[in-house]
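1. No letters, just coordinates:
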């Protein structure tokens, strides 16, 4: 029940705050970097709404199995990559190699082992897609020598437990 | 998209923070008041987990159509009132009249008019159920002369827009 001394409501709030701070930090740091944004996992579109505000003017490519978002948060169909990540992401990573400014990857499910495995599989594809100096923000740790971890405390999210959300900068 | 200048992610975080601050304020204010707690709307059980932490030792009566919560957050069956609020709440309000210390009512749906109407219908039943000095915390405004509104700014949620979450104290 109280993992790390926090209730599920408190952990959920921390996760959302970590997500918002990570995205906002990525937007601030990549303002002069050209490139598209990737949203891995659309869900109800809440984060997509935040991304299109913070990355106004950029194309946002959205990956999910299906579009079940709020009617106000449906991406343009030419920006949508429908299907299993294992099919859609490698294809788009090859197409957009080095041309992605920011990846947001909210990919976890209730199955922690499967979520971590998906993160490990995804990491090199994000590295392939990202421009040097691009940001990766997500709910899974992604260990790759090309990715420099950014501490949550350094982006104004010092109250958020460090394993809650993850931010990386692709090295030059 | 940007209602009140905020994205859906920002409004969602504000709502969760308002909820947590409202519940914590109710717990602090009712520490010496006997009575049970009502949870109207179990959902995935995230807030129930918070309530059972903040109101440890109290019975928490949970109302919902069905139990679809996380396996860790299933209330005891004798504390569960299954069915439509319009059937279960009046019955329990008569049974527990004046014996409820805190009501948490997270009852809104995407249909704002229907949510407001449900709140108006629920307000007098909450007044009937609550002990004098008891708290009502919820996502709908509840206008009743017996309910004294508590400003979010007075419970440490000054950053949360005032129409995000609502806290009331039943007058003596």
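-> Noted; the coordinates are in hand. Please read these numbers as outputs of a predicted model, since none were measured by experiment.

2. In chain A, what residue spans correspond to strands?
-> With DSSP state E applied, chain A shows strands at A:36-40, A:60-64, A:80-82, A:100-105, A:130-138, A:147-150, A:166-170, listed in chain order.

3. Chain B is nearest to which of those?
-> Closest of the strands of chain A to chain B is strand A:100-105, at 10.9 Å (criterion: CB to the nearest CB). Heads up, the C-betas are built off the backbone N, CA and C, glycines and all.

4. Check which helices and strands that closest one sits against.
-> Here strand A:100-105 touches helix A:8-29, strand A:36-40, helix A:112-129, strand A:130-138, going by 3 or more CB pairs under 8 Å, 6 or more residues apart in numbering or on different chains; DSSP states H and E.

5. What residues of it count as buried?
-> Buried positions in strand A:100-105, judged by neighbour count with 16 or more other CB atoms under 10 Å in any protein chain shown: A:100-105.

6. Stretch A:5-12 too?
-> Using 16+ other CB under 10 Å as the test for burial, stretch A:5-12 gives A:6-12.

7. Report the rounded mean pLDDT for it.
-> Average pLDDT, stretch A:5-12: 93.

8. what's the closest residue to residue A:45 other than its chain neighbours in contact with, if anything?
-> Spatially, and ignoring its direct neighbours in sequence, residue A:45 is nearest to residue A:73 (2.7 Å; CB to CB, 6 or more residues apart in numbering or on different chains). By CB atoms under 8 Å, 6 or more residues apart in numbering or on different chains, the contact set of residue A:73 is A:42, A:44-46, A:48-49, B:1, B:8.

9. give me that answer again for 6 Å
-> By CB atoms under 6 Å, 6 or more residues apart in numbering or on different chains, residue A:73 lies in contact with A:45, A:48-49.

10. re the thing from before, mind putting the buried residues of strand A:100-105 in CSV, pLDDT included?
-> CSV is the format used below for these (pLDDT from 0 to 100):
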residue, pLDDT
A:100, 98
A:101, 98
A:102, 98
A:103, 98
A:104, 98
A:105, 97
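
11. Columns distance to residue A:169 on top of these, output as JSON lines?
-> As requested, the buried residues of strand A:100-105 are exported to JSON lines (distance: CB to CB, whole Å):
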{"residue": "A:100", "distance to residue A:169": "13"}
{"residue": "A:101", "distance to residue A:169": "11"}
{"residue": "A:102", "distance to residue A:169": "10"}
{"residue": "A:103", "distance to residue A:169": "11"}
{"residue": "A:104", "distance to residue A:169": "14"}
{"residue": "A:105", "distance to residue A:169": "15"}
